[in-house]
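S.K.: would you be able to build a 3D model of this:
(3 chains)
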Amino acid sequence: MSGQRTPLPYWVIAPFLGGSGNLWWGVLAWAVLGAVLTAALVVSRERRWWAGALTGLLTGGIGGVLLLAPLWFVLMPLLDRRCRRCGALSSATAAACGRCGAEFTERAWTETLSALINNVARVVLTIELALIAGGIVLELSGKDALDTYRVLFEWGLGTPRARANSLLAATPLILTGLGTAIAFRAGIFNVGVEGSLYMGALAAAWVGFTFTDVPGLLLIALAFVVAAVAGGLWGLVPGYLKARLRVDEVVTTIMLNYVAIEFTSYMVQSGPFFVPGMANAMSKTIAKQAQLPRLIKGSQFNATFFLALACVIIVLLIMTRTRLGYETRLIGDNPLFARWSGVLVGATILQVMFLSGALGGLAGAGQVLGVHYNFTARFSRGFGFDGLTIALLARNSPVGVLIGALLFGTLRSGGTTIELFTDVPIDLVDVVQALIIFFVAVDLNLDFLARRRRTVESREPVATPAA
Amino acid sequence: MDLVNLAAATLRISTPLLMVGMAGLLSYQVGLINIALEGMMLGGAFAGVVIGYELGSTWLGVLGAALIGAVLGALFALAVITLRANLIVSGLALNFLAVGGTAYLMDILYDQSGTLAPQGLQKLPTVQLPLIHDIPTVGRILSGHSPLVYVSWVLVPLTAIFLYRTVVGGHIRAVGEHAEAARTAGISVRRMQYLALILGGAMCGLAGAHLSLGDLPLFRERMTNDRGFIALAAVYFAAARPGWTALACLLFGFFEALQFRLQLQKTSIPNEFLQMLPYLMVVLALVVISARKEWRKGW
Amino acid sequence: MTYLRMTGITKYYPGVVANDGVDFEVEEGEIHALVGENGAGKSTLMKILYGMEKADAGQIYLRGELVHIPNPQAAIRLGIDMVHQHFELVPSMTVAENVALGHEPRRGLFVDRAAMIERVRALSEQFGLRVDPAAVVADLSVGEQQRVEILKLLYRDARLLILDEPSAVLTPQEVDDLFAVLRRLVAEGRTAILITHKLREVMAVCDRATVLRRGRVVGTVRVSETQPETIARMMVGRELEVVRRTTAQPPGEPVLVVHNLHVRDDRDLPAVRGVSFTVHAGEIVGLAGVEGNGQRELVDALVGLRAVESGEVVLAHQPVTEAGNRRRRALGMAIIPEDRTRQGLSAPSTLTENLVATRYHRPPFSRGGVLALRPMRLFAQQAIRQFDIRVRGPNVRVRTLSGGNAQKVVVARELAETPRVLIAAQPTRGLDVGATQFVHEELLRLRQVGTGILLISADLDELLALADRLLVIFEGQLVGEMTPETATRERLGLLMAGRGVAAELERVAQG
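M.R.: Got it, this is the predicted structure:
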């Protein structure tokens, strides 16, 4: 129903997220925020709690400006277009000249590029915003936000080893993020990548400790393939239910996650893979030649990361250059239309869900072959849910997923150290993550609103419902 | 196997499910799928212990749990209704926030991690039902529970009466089924949704209090153990009819009680499969419902 | 006495002026028709009056007093109430609960059910709106549901009733009942505004009529002193001419054969009940009928998106009864769906993506699962030129297009390769004159080159002008078949109303 008044929060929040309206406003808002906070900090020498809260804000505020300013003040003007008729400059994405109204011809690559920048900026900014909120939480509970973040980022990025650990932590998140994103793009709210991850991990471990005679590289490849298939098949269960019986996938995938966790636990706890005499619920160790070598001293960083990078490119190509990708986007954009155009929607959902699960399976295999060297019951620290957060944050763009996963990986790997070096509980990272998801939820919707406003406007003449 | 103990355990275990089930039912009836039940319950459980301990009264703890549950419900409503955030995503966010937030606060406030069992905090007293208590078997099953068990029994018919007999309840159902019809009739859709979510939040808080104060007065990280999802499943299972939802909650409670028993008895059925059961049943319920409803539907 | 006066009402939508300084007056105790073609601005004006839209300029006076109507609740308090085209009823609740919704008689916190049912029963008897207050709305027929809507207005004691296209879903018998109720209401001193584009209704029941065209008032006339042709002229702004297609041509081979088709609707009730017909190459078969008589389900079944209960569909000599949409398209079926924005287009996708949606899976647009972007772009550019789609380029998002342009995209996609069979459902609904003409010309062009066309339309003029043969559907059954030469509005009207079926069957039996 139109005629609704614009909700106030849209204007309040949108500039800071930068993803919803004009990004210039985002830059401006962050710059103002940064300036005000710097001034406030200088004025207040004493460290009262509110001054500390401001410090928390600053860590994000300045960072946001530093990150965004080059993007938008340097890069975007390069893309500005000059009107052929009157010579005025207009922004890169403008449809027509701002001064004389002459329409520009289409330049697809600027739109693609600005969408990409927009996406990257949004991922970074949302995390910034959550860090700010986290900083406020820290200060309110009497901790030193600046110091905590310093420790966090030092141990996330400070040394080669720290960076390797961050990449290591990012690896499964890239894969689960991609798996979730590909399903989301088809309009399937797949929360079940976590379950696929468990299935894939168990399958990889099984291959690893069963076919001990197979030579190294072959065994590793086999383990990854079997893991992908296992994860994919697990993804097919809710996929089939959705495609054939139209069972809502949100609830089924959440439930099936638990089933997968219980099932894999059973397998190593009392089932066929149970190892007598083992204290913990874990499988046999995989064959020596299947263990991915550690590439950096003092870190478990391994080649799975490069597999994940390859997957980013593969998913990108699938989404833009293949029939499946086209079908996925079409179904995500308008499933009814896809159906009326003869797209085999059910088959596409099955393929997407298989792919989504397969990526989850690879993530699980990576943990088994590269980190644990066995299957441990309930080993995942919410990799699937982190992937979900990242996919939401990146709006299903594979490159965005990569960036989001790297940031998250840094947070996670740095987060494990803050408890060692400060008296801040590690659960802070969970709180920050919840805040990120929340900001994403609001922002997703603001963007949706903005889009819908446009649609409503332009649709009026399209289908005026009977005068 | 001691059937009497099993029955009594079923009732005890079903209590939080019943309360959260009614909360989920309220939001289902107002047209919102409430993924955040879990988080509201966890928040309530934590608040129950903290407030009960700080104020030195278990009953105030229960009250505080309901209050915090309602506040979390209001927060969820704020996100979903006023800020129009995605329902599922913000529900997940609230669950994360509850898990991380309770653990964080536990560490900050009491320098504890994992479990919080404050000294001197009493659990809720058990209630000996007059008359019934003296009936041999029935008495042992029905009597001698924490008062919140009985609250949960009252909550079910209360919810039903509220939804189907009162003016406001009717408005909630109208909003859930056909928001536009309600709007044109002058009903504030937002107000009804806020109301349902806040009421539901309070019920979740009570359920949390039952977990943290009903048996042993302690809070454990993630102690709600996905009961929110199981209750949501019961709502789906029963197509949001109060009586059937309660029955489904009792059924899930029975399975859980049974599983505890079997665990002790070392049966041939692996424990994990029993754990899986409610989740699988939800999937099954959804399949049955969808298959029935959507079979012929065109596009 | 003037009851309602709206002056200088102006409402802009981006790129469109929906209302341009509209002055509109309604007298107390009259039935006032608000007429105009689709898109003339009738609904916008009424939405402003009902508080659903905010006017950019203009005032509203009620009994001479300036009023401000920010939302529907305010309108209801002022005694202005509206029956929407799509009913606003809660299906699982009873008639009485729906009627009283939001204004229930209370007893403390509880609903006073006895009082509620009693009041609704009294109202329904007083105004001859026969409906059982205890019945559940989901079980009611469309006509009964409309009575519930009107009861709702009366329950809230509306003085000014707005009815938005109330007859669109009714049989003529039900329309007559509705008009009888309306007359009773105004006899009581209430006032009614009837939004319609059907002249018959204006002539039958209204006292005065205000005609809108392109957002402006063309004029207000007293119905009793005016010929229907005059009003029609005011509506379209041109002499009403029947555009006859050029030549008669002998039909070719049968391309679409439907035999004894039975289809159920979403509620699992029979919607299409034993329909049989044949469409030949080079022929336009028109399907006439009041909306909601099974047309939608028939189309769904023909295009392969709804399960057939029994019967047969043969497309280009191939049995396709069980086949899906893609197989039917492969055999040469093209579809212009009724709901352009949801079924016909994907608004967030680009023009190219929309144009290749029915052919992306075959060469040259893709090979071995990989898309060929260049042929896609060339195809889009070709279509833009050939069908004169006014856009900046092939990568424009479709949601930015206007209505006429959007329908051109649908037509371009479906007709780019000459189909053997075209299913066109309401292809000109909501389009302006120019775009309508474009669609008509395309249909005639296809007919010329041998496509068999099934044209489903609610617009009798369109059917009479284009079709070689006319079929009439009523309650899921074909109740008549005729050529435009032998068809008269009266006969069509009777058949669409389900009356005269016996006579018609007799005629068929004799002939």
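S.K.: list the contacts for the closest residue to residue C:389 other than its chain neighbours?
M.R.: If the residues on either side of it in the chain are set aside, residue C:389 comes closest to residue C:408, at 4.9 Å by CB to CB, 6 or more residues apart in numbering or on different chains. In short, each C-beta sits where N, CA and C put it, glycine included. Residues near residue C:408 by CB atoms under 8 Å, 6 or more residues apart in numbering or on different chains: C:387, C:388, C:389, C:435, C:438.
S.K.: what of residue B:90?
M.R.: Residue B:90 touches A:437, A:438, A:441, A:442, B:36, B:76, B:79, B:80, counting by CB under 8 Å, 6+ apart.
S.K.: same question, residue B:108
M.R.: Counted by CB under 8 Å, 6+ apart, residue B:108 has contacts A:141, A:142, A:425.
S.K.: which among the residues you listed gets closest to residue C:57?
M.R.: residue A:141 (54.7 Å; CB to CB).
S.K.: for the closest one, the count of nearby residues, please.
M.R.: 17 (other CB atoms under 10 Å in any protein chain shown).
S.K.: remind me which helix or strand the closest residue to it other than its chain neighbours belongs to.
M.R.: Of all residues beyond its chain neighbours, the one nearest residue A:141 is residue B:108 (4.5 Å), with distances taken as CB to CB, 6+ apart. Per DSSP states H and E, residue B:108 falls inside helix B:87-110.
S.K.: what about that helix, average pLDDT?
M.R.: Model confidence over helix B:87-110, given as mean pLDDT, is 90.
S.K.: quick check, distance from that helix to the centre of its chain.
M.R.: 17 Å (CA atoms, centre = their mean, to the nearest Å).
S.K.: so who does residue 287 touch?
M.R.: You didn't pick a chain, so chain A it is. A:208, A:209, A:211, A:212, A:214, A:219.
S.K.: chain C was what I was after
M.R.: C:295, C:298, C:454, C:455, C:456, C:457, C:470, C:471, C:472, C:473.
S.K.: same check on residue B:52?
M.R.: B:58, B:59, B:60, B:61, B:62, B:64, B:121, B:213, B:217.
S.K.: list buried residues within the residues you listed.
M.R.: B:58, B:60, B:61, B:62, B:64, B:121, B:213, B:217 (16 or more other CB atoms under 10 Å in any protein chain shown).
S.K.: pLDDT at residue A:421, what is it?
M.R.: If you check residue A:421, the pLDDT there is 83.
S.K.: same question for the one 3 residues further on.
M.R.: At residue A:424 the predicted local confidence, pLDDT, stands at 85.
S.K.: mind checking the SS state of it?
M.R.: What DSSP: H, G, I helix; E, B strand; the rest coil gives for residue A:424 is coil.
S.K.: isn't it right up against residue A:415?
M.R.: No. Residue A:424 is not in contact with residue A:415 according to CB atoms under 8 Å; the separation is 9.4 Å.
S.K.: residues near residue B:109, how many?
M.R.: 12.
S.K.: swap that for residue B:104, sorry
M.R.: The burial count for residue B:104: 23, using other CB under 10 Å.
S.K.: low pLDDT regions in the chain?
M.R.: If you meant another chain, say so; for now it's chain A. A:1-81, A:89-122, A:124-125, A:279, A:443-467 (pLDDT under 70).
S.K.: please go with chain C instead
M.R.: Judged by pLDDT under 70, the stretches of chain C that qualify are C:14-16, C:37-39, C:171-172, C:236-248, C:267, C:430, C:432-433, C:497-511.
S.K.: ok, the stretch 1-150 of chain B next?
M.R.: Looking at the stretch 1-150 of chain B by pLDDT under 70, you get B:1.
S.K.: contact partners for the residue in it that chain A sits nearest to?
M.R.: Of all residues in the stretch 1-150 of chain B, residue B:100 sits closest to chain A, with a separation of 2.7 Å (CB to the nearest CB). By CB under 8 Å, 6+ apart, residue B:100 lies in contact with A:427, A:428, A:429, A:430, A:431, A:433, A:434.
S.K.: apply 10 Å and report the result again.
M.R.: Neighbour list for residue B:100: A:137, A:425-435, B:221 [criterion: CB atoms under 10 Å, 6 or more residues apart in numbering or on different chains].
S.K.: what about the residue nearest to residue A:301 when sequence neighbours are not counted, neighbour count?
M.R.: Excluding the flanking residues, the one nearest residue A:301 by CB to CB, 6+ apart is residue A:164, at 4.0 Å. For residue A:164, the count of nearby residues is 21 (other CB under 10 Å).
S.K.: of the contacts of residue B:90, which is the most crowded?
M.R.: When neighbours are counted by other CB under 10 Å, residue B:36 leads these with 36 neighbours.
S.K.: surely that residue meets residue B:73?
M.R.: Yes. Residue B:36 lies in contact with residue B:73 (CB atoms under 10 Å); the separation is 8.0 Å.
S.K.: anything in contact with each of these two?
M.R.: B:23, B:27, B:43, B:94, B:197, B:200, B:201, B:204.
S.K.: just to check, the second one is in contact with residue B:159?
M.R.: Pointing back at residue B:27 there. No. Between residue B:27 and residue B:159 there is no contact under CB under 10 Å: 11.8 Å.
S.K.: quick one: which of the two has more around it?
M.R.: Neighbour comparison, residue B:27 and residue B:159: the larger count goes to residue B:27, with 31 against 25 (by other CB under 10 Å).
S.K.: contact partners for the residue of the stretch 101-250 of chain C found nearest chain B?
M.R.: Ranked by CB to the nearest CB, the top residue of the stretch 101-250 of chain C for proximity to chain B is residue C:102, at 3.4 Å. Residue C:102 is in contact with B:167, B:170-171, B:174, B:181-188, C:73, C:76, C:152, C:155-156, counting by CB under 10 Å, 6+ apart.
S.K.: check these against chain A, which are close?
M.R.: residue B:183 (CB under 10 Å from any CB of the partner chain).
S.K.: just the buried ones from the contacts of residue C:102?
M.R.: B:167, B:170-171, B:174, B:181-187, C:73, C:76, C:152, C:155-156.
S.K.: looking at these, spot the one nearest chain A.
M.R.: residue B:183 (8.0 Å).
S.K.: give me the pLDDT for that closest one.
M.R.: 85.
S.K.: quick revisit: tell me, what's touching residue A:424 and residue A:415 both at once?
M.R.: Shared contacts of residue A:424 and residue A:415, counting by CB under 10 Å, 6+ apart, come down to A:148, A:151, A:152.
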